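Chemist: From the sequence below, what's the structure:
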Amino acid sequence: MRSNYRLWFAIGMLCFYTFINQELVFAADSDKDVALIYVTSNQQPNEDVIALQAILQSYTSVDVVSIEDINKQKLQPYKRVVVMNAYPTKLPPQALSALNQFKGFVLLIGDNALQFAPFSKWQEGPVVELRAIGEESLHSPVRWNSLLPTDDSKIIQRALSVNQSYPFIISKDKWSFIGEFINKDTWSYQWPAIIGELLQLPKPQIHPGYIVLTDINMKTDVQKLKEVVMGFSEKKIPIALEVTPIFMDEHEKKSYHLHDNKKLLSYLQQLQKENYPFILSSSTTIPTERSLDYLVLRKIYPTVINGDSPLFKGSIQQGNQQLYLSKIDNRIIYPMTVGSIDSTDNLPLYPVQQEIDRLLKVPSSIIGIQYPAYLNASYVEDLVAYLREHPQIEFFDFRHTKQQVTSENVSIVQDEKGKQTIHLSFSNLERLKISFDERPFELILWALVFIVSLFVTLFFISTLRLRITLRKRLFEERKTNG
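Modeler: Numbering: from 1, shown residues only. From the prediction side, this is the model:
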C-alpha cells in the first residue's frame, strides 16, 4: 500500500515539474518580439545587420538568426520578423516556407523579395543608379535592382534616379519591403522611425543624455572651469569631467603634467570628493595605464574612458555612426552623438541644436554633448534653456552607473548608487619609478641633496668621533704621567 502512495506521489511530482517547466518556457517565449534574420554570403552578420540590431533594440527585444537556422518552430514565439538580404541567392525551402506562413509583421530588406509569396507576382525592374530617396539626396549614387510591385501594394516612399522614380518602400498587409538599407548620409537618422512604423512597434518616448566637460589639462583656466561647473550645477544638470593628465603640446614639442597647475589639480581633487564623475582622455602618445596610474596616485578616480581600452568597462566613442547605448563584449559604449560647441562660429549653439533636433527624430537615441572647458560659462544658460524645451531628454549621471576599471595596479568598482571601491597595489619601487618618469630632474636634484647631506652627516660624525677619541687618549696620557 505504501509503495502505491509513493508511486502516485512520484507521478504527481513529475506532472507538476512538467507543468512548471512548460510555464517557464512559455514565459520565456512570450518575451521574444523580433527575429532579425540575415542572408549573407559568409553566413555571418555584417555591418548592416549589426546596425539594424541596434535600431530594433532601441524598441524591443531582438534575436539575430541566420536564414539557415530558420524553420516554423523557430519562428513560433516571435511577433515580428525582419529579413536582411545582403546578396541574391536561392533561400532555403524550409526557411521560405516558415516565413510565408508567419502570421505577424514581416519586413524584407534588399534582394530575394520575389521568392516570398506576398511579393511573388512583382516584376523585376531595370538596374538604376539612385540619386535620392524621397526628398533626401544621396551624397553618392547607389546602384540598385529595382522592383515593380502589383497594384494591390501601397507605395510609401519612392527613390529617384536622374530622370525617373521607382517604388522603394512598399507595404502589403502585414508585409513590408525596403529596396536597400542605405545607412549613410541623413538616412541613418530616418531608418529607426520608418522601421518602427512598418513593424508597428511602440515608440519609446525617452532619450538618454549626458554632458561631458572636455579638454581639461594643465593649461586649463581654473576660474573658467569653476564657472562652467557651477553653471551646470545650479541648473541641476549632471556633468562629467574628461581629464588629460599628461598633455602633449604638438607645437612646443613638450609635455605638460596636471600637477604643474597646482590650483587646477587641487580643484579637481575637490570635485572628486564631491562625487563628480571623471573620464580619462585617451591619447595615442601616452599609454592609457600610465595616465590612469597618474590620476589615481593623485586621488582622482576615472571610471570611464574616452576611446577604447580593455581596462575600462565603460567607454565614450565618437566618430562612428552609433546613435544608441550599446553593449559589446560586456563593455558599455556611450556614443558622443553631438559635436562640440565652436566658439569661433557666429552662432556657436546652432549646429549643436540642429544635431539634437535630428537625434530627437530617432527613437531612443542618446544625446551625448561635449562642452569644452576652455569656453566660458556664457553658453551654459542658453544650452540648458534649449534642452529644457525637450523634456523627453533625460540626463543621467555617470556617477550612478555601474562601472569597473581594472589594471595591474588599479581596481575601481562603482555601483549604481555611486559607491566606489578602490584598491591600489603600487609597490614603493613602482611609486618611485612613476615619480622619476614624471619629474626626473626634480628627483635627481633631491637625490643629490640627499647624497651631499649624507656625506656631510658622515663627515660630521667621523669628526666628532675622532675628537672624542683624541680627548679620551689625551686624558689617559695625563692620568698616566700623573
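Chemist: nearest spatial neighbour of the spatially most central residue of the chain, skipping sequence neighbours?
Modeler: The chain has I333 as the residue nearest its centroid, 1.5 Å off, counting by Cα atoms, centre = their mean. The spatially closest residue to I333, leaving aside those adjacent along the chain, is S326, at 4.8 Å (Cβ to Cβ, 6 or more residues apart in numbering). The way it works is simple: take the backbone N, C-alpha and C, and place the C-beta from them, glycine included.
Chemist: how close does the one you found get to E408?
Modeler: According to Cβ to Cβ, to the nearest Å, S326 and E408 sit 28 Å apart.
Chemist: So for those two, which sits in the more crowded spot?
Modeler: S326 (18 against 11; other Cβ atoms under 10 Å).
Chemist: And the closest residue to Q57 other than its chain neighbours, which helix or strand is it part of?
Modeler: Counting by Cβ to Cβ, 6+ apart, Y324 is the residue found nearest to Q57 once chain neighbours are left out, at 7.1 Å. Using DSSP states H and E, Y324 maps to neither a helix nor a strand.
Chemist: Need phi/psi at L96.
Modeler: Torsion angles at L96 (phi, psi; degrees, to the nearest 10) stand at phi -60, psi -40.
Chemist: Test for you: state the pLDDT assigned to the spatially closest residue to it that is not a sequence neighbour.
Modeler: Leaving out its chain neighbours, the residue that sits closest to L96 by Cβ to Cβ, 6+ apart is Q115, at 6.1 Å. Per-residue pLDDT puts Q115 at 96.
Chemist: How many residues are close by Q115?
Modeler: Counted with other Cβ under 10 Å, residues neighbouring Q115 total 18.
Chemist: Show me where the stretch 251-400 of the chain dips below the pLDDT cut-off.
Modeler: Judged by pLDDT under 70, the stretch 251-400 of the chain has its weakly predicted residues at 284.
Chemist: let's see it at 90
Modeler: Within the stretch 251-400 of the chain, the ranges that satisfy pLDDT under 90 run 251-256, 260, 282-286, 308, 318-322, 325-330, 339-348, 374-378.
Chemist: show me where it has strands.
Modeler: For the stretch 251-400 of the chain, applying DSSP state E, counting those that start in this stretch gives strands covering 254-257, 278-281, 304-306, 314-317, 326-328, 331-335, 367-372, 393-395.
Chemist: Give me the distance between the lengthiest strand in the chain and the centre of its chain.
Modeler: In the chain, with assignment by DSSP state E, the single longest strand is strand 136-148. Put simply, strand 136-148 sits 32 Å off its chain's centre (Cα atoms, centre = their mean, to the nearest Å).
Chemist: Are there helices or strands packed against the helix or strand that comes right after it, and which ones?
Modeler: Per DSSP H and E, the first helix or strand lying C-terminal to strand 136-148 is strand 154-160. Applying 3 or more Cβ pairs under 8 Å, 6 or more residues apart in numbering; DSSP states H and E, one finds that strand 154-160 contacts strand 123-133, strand 165-172.
Chemist: Could you identify which of the ones you listed is most buried?
Modeler: Highest mean neighbour count of those: strand 165-172, a mean of 19 (counted as mean count of other Cβ atoms under 10 Å).
Chemist: which helices and strands sit right next to that strand?
Modeler: Contacts defined by 3+ Cβ pairs under 8 Å, 6+ apart place strand 165-172 against strand 123-133, strand 136-148, strand 154-160, strand 175-178, helix 187-198.
Chemist: Take these and lay them out in CSV including mean pLDDT and distance to N261.
Modeler: Listed next are the helices and strands packed on strand 165-172 as CSV, based on pLDDT from 0 to 100; distance: least, Cβ to Cβ, whole Å:
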stretch, mean pLDDT, distance to N261
strand 123-133, 94, 52
strand 136-148, 92, 44
strand 154-160, 95, 55
strand 175-178, 97, 54
helix 187-198, 93, 40
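Chemist: ok, back up a step: could you count how many residues lie near the residue nearest to Q57?
Modeler: With other Cβ under 10 Å as criterion, Y324 counts 19.
Chemist: Show the contacting residues for the residue nearest to I333.
Modeler: With contact taken as Cβ atoms under 8 Å, 6 or more residues apart in numbering, S326 is in contact with A54, Q57, I332, I333, P335.
Chemist: Next, count neighbours for E381.
Modeler: E381, neighbours per other Cβ under 10 Å, totals 12.
Chemist: nearest residue to it other than its sequence neighbours?
Modeler: Nearest residue to E381 in three dimensions, chain neighbours excluded: G231, at 7.0 Å (Cβ to Cβ, 6+ apart).
Chemist: ok, back up a step: quick one: closest of the strands of the stretch 251-400 of the chain to P149.
Modeler: Nearest to P149, of all the strands of the stretch 251-400 of the chain, is strand 326-328, at 34.8 Å by Cβ to Cβ.
Chemist: List the neighbouring strands of the closest one plus their orientation.
Modeler: When pairing is defined by DSSP bridges, strand 326-328 lines up against strand 331-335 (antiparallel).
Chemist: Isn't the residue nearest to L96 up against P92?
Modeler: No - using Cβ atoms under 8 Å, Q115 is not in contact with P92, being 10.5 Å away.
Chemist: what's the spacing between the residue nearest to I333 and F181?
Modeler: Going from S326 to F181 by Cβ to Cβ gives 18 Å.
Chemist: and the gap between the residue nearest to Q57 and P208?
Modeler: Y324 sits 9 Å away from P208, taking Cβ to Cβ as the criterion.
Chemist: Please enumerate the shared neighbours of those two.
Modeler: Residues touching both Y324 and P208 (Cβ under 8 Å, 6+ apart): S364, I366.
Chemist: Quick one: neighbours of the residue lying closest to I300 once chain neighbours are set aside, just the number.
Modeler: Nearest non-adjacent residue to I300, counting by Cβ to Cβ, 6+ apart: Q272, 5.1 Å away. Using other Cβ under 10 Å, Q272 has 19 neighbouring residues.
Chemist: Surely Q272 touches F278?
Modeler: Yes - if you go by Cβ under 8 Å, Q272 and F278 touch, sitting 6.7 Å apart.
Chemist: Please identify every residue contacting each of the two.
Modeler: What both Q272 and F278 touch, as defined by Cβ under 8 Å, 6+ apart, is the set I300, Y301.
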